[in-house]
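# give me a model of this one.
(chains A and B)
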There are 2 protein chains.
Amino acid sequence: MIFYDCATAPSPRRARIFIAEKQAGQAFDLEVVQIDLRNGEQLGSEFKAINPSCTVPVLALDDGTKLTENLGIAAYLDAKFPQPPLLGQSDVERGLVLNWNAAIEIQGLMPVAEALRNSSPAMAERAITGPDNFPQIPQLAERGLVRLKLFFDRLDAHLEGRDFIATDRFSLADITAVVAVDFARVVKVTPQEHHVNLRRWRQALEGRPSLAT
Amino acid sequence: MIFYDCATAPSPRRARIFIAEKQAGQAFDLEVVQIDLRNGEQLGSEFKAINPSCTVPVLALDDGTKLTENLGIAAYLDAKFPQPPLLGQSDVERGLVLNWNAAIEIQGLMPVAEALRNSSPAMAERAITGPDNFPQIPQLAERGLVRLKLFFDRLDAHLEGRDFIATDRFSLADITAVVAVDFARVVKVTPQEHHVNLRRWRQALEGRPSLAT
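Numbers count the residues shown, from 1 in each chain, chains lettered A, B, ... in the order given. Coordinates of the predicted model:
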């Protein structure tokens, strides 16, 4: 398998953590190729032939299949390498993990991306990932910041009395949430003093080897 | 189980089709409660106690768990009622179904929602679902239309030589795509004459009982 990555970007970090968790459960080989997003390598013809959507992460399987979305990569790896289970085990757990993952993508990851991509001078005309250019919409950057702060409040309230986001063990939902919370620093949003539960949850994950990848 | 639905809205239609496919494989009971989105019932205290995010669909399980996202509902039902498999069977199929589902949500469903919610007079201040009001951003409506047309072109190209979106059988990815394509009518985007593959795929689904629910 070949994993197309970019060490500095949040979206491939989700896959990177997922892969590291699985490799701790069962060793498997993976060739890692870094794509230089800052210099637009994802928009070049070579990478477009791998993923026409011009995004990382991509996991290229040995049979030629290309998985180009975090959820696709997660579903494949969790089915192929069941340990540790990261998408839940019982039917209710399976529901809860993808439920929280979706909620965090919409309420957390998307607002950070909107806040950054619609304000950063380096991303003018690149307000959306993909092959087509779209101009920035400043109002969308402002709205992203407002929504991001609401997300921190809600995540903090949800984590009251909980060790993990979706079930009683670390799952894909924790991976997505930790990437969203860490990435929010780029638009100067961080957990505040009163986010006691959010800070406790994040602190407890600090020593987890997969997060350092 | 209780299914909180709204017969006229696209998001619960995804769950409705999924449930109908599963009930054809194995009969199970479900109480259906209609939530009147047009009159703001989702924002009232009674429904907020069920789903603080104020959205449908919601599937309330017998143990009290509330699943409030389409992917959460799909993952739970597919694990509990395996026939027919709608999330893939082999590990590669499982990857492909969630991969395409995610791509269609981002490239198709989101642009339709952005185009509608940022332009409809009935949705002033309701540019995003949820408990908080956000004003419309007219540029986002325009961008949604542009992206939606690109999505129709890409979906048409992808369906060349294919009967279904992700694998060789009907899956969650087809459900999400059919809801996105049908819903696009609300902003006057429909498959064009030259979208031969897209029209063939949609036409072949016409007689499928679950789509009529």
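
# show me the helices in chain A, by range?
Listed in chain order, the helices of chain A (DSSP state H) span A:10-25, A:45-50, A:70-80, A:91-104, A:110-117, A:138-158, A:172-183, A:196-204.

# mean neighbour count and mean pLDDT added to the ones you listed, as TSV?
Quick note: C-beta positions are derived from backbone N, CA and C, even for glycine. Below are those laid out as TSV (neighbours: other Cβ atoms under 10 Å in any protein chain shown; pLDDT from 0 to 100):
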stretch	mean neighbour count	mean pLDDT
helix A:10-25	21	97
helix A:45-50	12	97
helix A:70-80	25	98
helix A:91-104	25	98
helix A:110-117	23	98
helix A:138-158	18	98
helix A:172-183	24	98
helix A:196-204	16	98
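
# adding distance to B:Thr65, write those out as a markdown table.
Output for those, formatted as a markdown table (distance: least, Cβ to Cβ, whole Å):
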| stretch | distance to B:Thr65 |
| --- | --- |
| helix A:10-25 | 24 |
| helix A:45-50 | 39 |
| helix A:70-80 | 21 |
| helix A:91-104 | 6 |
| helix A:110-117 | 25 |
| helix A:138-158 | 14 |
| helix A:172-183 | 14 |
| helix A:196-204 | 20 |
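
# now render the ones you listed as CSV, adding distance to chain B.
What follows is those, written out as CSV (distance: least, Cβ to the nearest Cβ, whole Å):
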stretch, distance to chain B
helix A:10-25, 11
helix A:45-50, 13
helix A:70-80, 3
helix A:91-104, 3
helix A:110-117, 9
helix A:138-158, 5
helix A:172-183, 10
helix A:196-204, 16
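
# which one of those lies closest to B:Glu193?
Ranking the helices of chain A by proximity to B:Glu193 (Cβ to Cβ) places helix A:45-50 first, at 27.8 Å.

# could you give the number of residues near A:Pro82?
15 (other Cβ atoms under 10 Å in any protein chain shown).

# relative to chain B, how far out is it?
10 Å (Cβ to the nearest Cβ, to the nearest Å).

# tell me which residues touch that residue, please.
For A:Pro82, the contact set (Cβ atoms under 8 Å, 6 or more residues apart in numbering or on different chains) is empty.

# for it, give me phi and psi.
Main-chain dihedrals, A:Pro82, degrees, to the nearest 10: phi -70, psi -20.

# so what's it scoring on pLDDT?
With respect to pLDDT, A:Pro82 scores 97.

# rewinding a little: out of the helices of chain A, which is closest to B:Glu206?
helix A:70-80 (28.2 Å).

# could you check how far the nearest residue in space to A:Pro131 that is not next to it in sequence is from chain B?
With sequence-adjacent residues excluded and distances taken as Cβ to Cβ, 6 or more residues apart in numbering or on different chains, A:Pro131 is closest to A:Cys54, at 5.0 Å. Remark: distance between A:Cys54 and chain B (Cβ to the nearest Cβ) = 12 Å.

# quick check, A:Pro131 in contact with A:Phe47.
No: between A:Pro131 and A:Phe47 there is no contact under Cβ atoms under 8 Å: 10.4 Å.
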